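A.B. asks: please find the sequence and the predicted model below.
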Amino acid sequence: MGCNYYLQAQDPCPCCKRPYAQLHIGKQSSGWEFLFATYPEANIVSVADWKREMEGKTIIDEYGVEVSHEVFWEIVELSHSGKSLASNPQFHGDAHYYEYRDTEGYRMSSYHDFS
């Protein structure tokens, strides 16, 4: 079982309550280390970049539930054991999907459609 997390840069529309576009932060899967999405075009390629991008913004899970920054980073740190099937770097048969570790050792992925 896993859960995807998203960064909500703006509050939902006050009229219709529809959420604005969200950035997929990454996914936590049971037994696996948290996997972060990357956005090179937005200069988000490491956990340090995500921390900077998240400042003052809301994190929500795939069910639309708001997750505090404290709880989110606790989830990430609890899974950050360094013991996953990801190596550094690693290709997955698709030149557009590239997985690596940032300078702090966190898993990063250029593939955004993981669920």
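C.D. replies: Sure, I can see it. Every value quoted in this text rests on a predicted model; they were computed, and no experiment measured them.
A.B. asks: so what's the residue count around residue 38?
C.D. replies: Residue 38 has 22 neighbouring residues, counting by other Cβ atoms under 10 Å. To be clear about C-beta, it is placed using only N, CA and C from the backbone, and glycine gets the same treatment.
A.B. asks: quick one: pLDDT of it?
C.D. replies: Per-residue confidence (pLDDT) for residue 38: 93.
A.B. asks: I figured it hits residue 108, correct?
C.D. replies: Yes: with contacts counted by Cβ atoms under 8 Å, residue 38 reaches residue 108, the gap being 5.1 Å.
A.B. asks: show me whatever sits in contact with both of the two.
C.D. replies: Common neighbours of residue 38 and residue 108 (criterion: Cβ atoms under 8 Å, 6 or more residues apart in numbering): residue 45.
A.B. asks: identify all contacting residues around the lengthiest helix in the chain.
C.D. replies: Longest helix of the chain, by residue count under DSSP state H: helix 69-79. Residues outside helix 69-79 that contact it (Cβ under 8 Å, 6+ apart): 5, 25, 28, 32, 33, 34, 47, 54, 59, 67, 106.
A.B. asks: identify the farthest-apart pair in these.
C.D. replies: The span of those, defined through Cβ to Cβ, is set by 32 and 54 at 21.4 Å.
A.B. asks: in the chain, what helix or strand scores lowest on average pLDDT?
C.D. replies: Lowest mean confidence among the helices and strands of the chain (mean pLDDT, DSSP states H and E): strand 90-91, at a mean of 40.
A.B. asks: just the element for the residue sitting furthest away from the middle of the chain, please.
C.D. replies: Residue farthest from the centre of the chain, counting by Cα atoms, centre = their mean, is residue 15 at 28.6 Å. Counting by DSSP states H and E, no helix or strand carries residue 15.
A.B. asks: returning to that earlier point: give the buried residues for the longest helix of the chain.
C.D. replies: Counting neighbours by 16 or more other Cβ atoms under 10 Å, one finds that the buried residues in helix 69-79 are 72, 73, 75, 76, 79.
A.B. asks: could I get these as CSV with distance to residue 100 and pLDDT?
C.D. replies: CSV is the format used below for the buried residues of helix 69-79 (distance: Cβ to Cβ, whole Å; pLDDT from 0 to 100):
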residue, distance to residue 100, pLDDT
72, 22, 91
73, 21, 91
75, 21, 84
76, 17, 89
79, 17, 80
